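Pasted the sequence and its predicted model underneath.
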Amino acid sequence: MKKKPTGDQFAGTARKAAKLSIASGPTKTFTDVKTLIESFVPDDKMIAHKPKITTTAASSRVKEENKNVKVKAFLYAASREDDNDFHLIVGRAPTKAPEMYMTMELSGLPPSNSPALPTLAAARDAFKTFFGSDLPNFTYDFYDPPIPVTIAGSLFFDMTHSTGQRPGPPSLKSRMPTIWEVHPVTAIALG
């Protein structure tokens, strides 16, 4: 059994360079998770990307990921991951059909010399402050009713899920149509 991370430092390796960097592109605002998901390059095109997107620690952002987004949505579930990221399952308003969810991640923190550190630390602190002693742990916490949230961050294509298990809790996976993520989250306002 791998030792679970403590503190706030990023503890993973898969695409570390991309996960701990903020895209340089402009921010586009969306009012619904569905329109955000519809704006993505299709997953199969990204999986077949030339050059191939690797999962090594040095794998940095590709052109299609060099975008920032901001979206009003709802937080349905969250967990802490083995790499010390907080995994958020964000979806449409409960009144909207069809149901649709995607992953957004508050990254574990980069090294102290990273230009992204102040932004990523502020987003992580906002999340931790909102939840206080009820921070999600290594299994999913579900929120019913879901928590209104405005999230900003960089687009990220999660190649680690291009084969095998899709991300997310089993109860929501079938309504998570993409392995695109917002990762890292650069700003979050809950409630």
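Cool, got the structure. Numbering: from 1, shown residues only.

For the residue nearest to the spatial centre of the chain, give me its contacts.
A centroid search over the chain (CA atoms, centre = their mean) returns M104, at 2.2 Å, as the residue closest to the centre. Neighbouring residues of M104 by CB atoms under 8 Å, 6 or more residues apart in numbering: L88, V90, I151, G153, E181, V182, H183, V185. Backbone N, C-alpha and C define where each C-beta goes, glycine included.

where does the host helix or strand of the fifth one sit relative to the chain's centre, distance-wise?
This points to E181. Assigned by DSSP states H and E, E181 falls within strand 180-190. Mean-position distance between strand 180-190 and its chain equals 6 Å (CA atoms, centre = their mean, to the nearest Å).

Stretch 37-54 too?
Taking CA atoms, centre = their mean, one finds the center of stretch 37-54 at 16 Å from the center of the full chain.

From start to finish, how long is that stretch in a straight line?
End-to-end distance of stretch 37-54 (CA to CA, to the nearest Å): 22 Å.

Averaged pLDDT, that stretch. What do you get?
For stretch 37-54, the mean pLDDT works out to 96.

list the buried ones in that stretch?
I37, F40, V41, D43, M46, I53 (16 or more other CB atoms under 10 Å).

Wait, R15 touches S59, no?
Yes: the criterion here is CB atoms under 8 Å, and R15 meets it with S59 at 4.5 Å.

Give me the common contacts of those two.
Counting by CB under 8 Å, 6+ apart, the shared contacts of R15 and S59 are I53, M159.

Which one of the two is surrounded by more residues?
Counted by other CB atoms under 10 Å, R15 and S59 do not tie: R15 has more neighbours, with 24 against 18.

so what strands line up beside the top strand by length along the chain?
Identified as the longest strand of the chain according to DSSP state E is strand 141-157. Strand pairing for strand 141-157, determined by DSSP bridges: strand 68-80 (antiparallel), strand 180-190 (antiparallel).

If we go by neighbour counts, what in the longest one is buried?
Which is strand 68-80. By neighbour count on 16+ other CB under 10 Å, the buried set for strand 68-80 is N68, V69, K70, V71, A73, F74, L75, Y76, A77, A78, S79, R80.

And for the last one?
Residues of strand 180-190 classed as buried under the neighbour-count rule (16+ other CB under 10 Å) are W180, E181, V182, H183, P184, V185, T186, I188, L190.

all helices for the chain, in order.
16-19, 33-38, 43-47, 117-131 (DSSP state H).

Where does pLDDT dip in this structure?
1-3 (pLDDT under 70).
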